[in-house]
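Asker: Please find the sequence and the predicted model below.
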Amino acid sequence: MTLREFSLENFAGDLEYHPRRAVLYLSLATAAFCFWAFSPSEGKFTAVPLVFAFGSLTLLLKGIFLLRKSSEGLGLSEQELANLSGPTNRNRLPSTATQAAQIVQDFGTGAFLLWPLLNIFRDIDNSSDHPPRFPVFLTGAILFLLGWLIRRLASSSSA
């Protein structure tokens, strides 16, 4: 497996059209953003609320992509389209443990990849000269790796 395939599988491997999962992701994104938005103003730019803010961004993006219809059926005849949507050709959803691990991994991806945006927050919040870059990055990396590990363990136990 190449690095590109590994990255694609971990960051965008399950971006197929699925409205119910999209609603779950959008709800979790809203809840995570509310945690950041309703944090006390003096604590908004500390590590934990920032992890929730960045996590909400990635959950929101993933929810939007899960709402996007695939172009899988374009150019097919009605018979081919009916065969494509038959019960034997549908993608099976992963187990609940795998889905929960994917959500944890997607949530951690926000802080893991978006921590450089803290320089922008430093310009907004003048009271903080040193934004918590390393704690935000480390928390995101730990959540990402935890989700990845749980996914691997859940997929190996089900195989």
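Answerer: That came through, no problem. Numbering: from 1, shown residues only.

Asker: Relative to L24, how far out is Q99?
Answerer: 9 Å (CB to CB, to the nearest Å). (Glycine included, C-beta is placed from N, CA and C.)

Asker: swap that for L145, sorry
Answerer: From L145 over to L24 (counting by CB to CB), the distance is 22 Å.

Asker: ok, now T46?
Answerer: Applying CB to CB to T46 and L24 gives a distance of 27 Å.

Asker: Same question for S39.
Answerer: Using CB to CB, we find S39 at a distance of 23 Å from L24.

Asker: I would like the residues contacting stretch 139-152, please.
Answerer: With contact meaning CB atoms under 8 Å, 6 or more residues apart in numbering, stretch 139-152 is reached by 10, 47-48, 51, 54-55, 97-98, 100-115.

Asker: Buried ones in the helix or strand hosting L143, by neighbour count?
Answerer: According to DSSP states H and E, L143 maps onto helix 133-158. Of all the residues in helix 133-158, those buried under the rule 16 or more other CB atoms under 10 Å are 133, 135-141, 143-144, 147-148, 150-151, 154.

Asker: Could you do stretch 32-45 as well?
Answerer: 32-33, 35-36, 39, 44-45.

Asker: among those, which are in helices?
Answerer: Within those, residues falling in helices by DSSP state H are 32-33, 35-36.

Asker: Go through these and name the one nearest K62.
Answerer: K62 has its nearest neighbour among those in A32, at 12.0 Å by CB to CB.

Asker: And the helix or strand hosting G55, what's buried?
Answerer: Secondary structure assignment for G55, by DSSP H and E: helix 47-67. For helix 47-67, the neighbour count (16+ other CB under 10 Å) marks 47, 49-63, 65-66 as buried.

Asker: Stretch 96-105 now?
Answerer: Quick answer for stretch 96-105 (16+ other CB under 10 Å): 98-99, 101-105.

Asker: how much space between A32 and E42?
Answerer: Taking CB to CB, one finds A32 at 20 Å from E42.

Asker: Likewise for P131?
Answerer: P131 sits 14 Å away from E42, taking CB to CB as the criterion.

Asker: Likewise for P135?
Answerer: The gap separating P135 from E42 is 17 Å, by CB to CB.

Asker: again, but for D14
Answerer: Going from D14 to E42 by CB to CB gives 38 Å.

Asker: Tell me where the model's unsure across the protein.
Answerer: By pLDDT under 70, the weakly predicted segments of the chain are 1, 3-13, 15, 69-78, 80-93, 121-129, 158-159.
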